[in-house]
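> Pasting a predicted model and its sequence here:
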Amino acid sequence: MADFFEYYCDSCDKPFCERIHVMNLVLNNVEEEFCLECLAQNEGLAGEAFYQWILDYVEARECFKTPWDNFKFALCPRIADKSCFCKVTS
Ligand SMILES: [Zn+2]
Ligand SMILES: [Zn+2]
């Protein structure tokens, strides 16, 4: 049994991690949640640029920063293929 939640994109079905989940909260995506690529595409930004953009926002807000900082990026389902940018922050 996993001791963390797994999230899947409602658009392309790719898994994503807790930090991308926080991104969805930042963007007010409640009913449906999307992976990094789909979110970035919606905003017209490249994946890494988008990650940095959200990171600046999260850093300024304690309620988002706490779950973001608590997430252990080793648990990210996308670390293996380096398609998430979790490591950038810590
Ligand atoms: Zn997606
Ligand atoms: Zn991640």
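That came through, no problem. Numbering: from 1, shown residues only. Ligands and ions are numbered 1, 2, ... in the order given.

> any idea where the strands of the protein begin and end?
For the chain, applying DSSP state E gives strands covering 7-8, 15-16.

> just the ones you listed: most buried one?
Highest mean neighbour count among the strands of the chain (mean count of other Cβ atoms under 10 Å): strand 15-16, with a mean of 20. (C-beta placed from N, C-alpha, C; glycine too.)

> List the buried residues in the helix ranked longest in the chain.
Identified as the longest helix of the chain according to DSSP state H is helix 47-59. By 16 or more other Cβ atoms under 10 Å, the buried positions in helix 47-59 come out as Gly47, Phe50, Tyr51, Ile54, Leu55, Val58.

> How about the residue nearest the centre of the chain, nearest residue that isn't a chain neighbour?
With distances taken as Cα atoms, centre = their mean, Ile20 lies nearest the centre of the chain, 1.3 Å away. Nearest residue to Ile20 in three dimensions, chain neighbours excluded: Leu36, at 5.4 Å (Cβ to Cβ, 6 or more residues apart in numbering).

> I'd like the strands of the chain as CSV, with mean pLDDT and distance to Lys72 appended.
Compiled in CSV, the strands of the chain are given as follows (pLDDT from 0 to 100; distance: least, Cβ to Cβ, whole Å):
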stretch, mean pLDDT, distance to Lys72
strand 7-8, 94, 15
strand 15-16, 94, 15
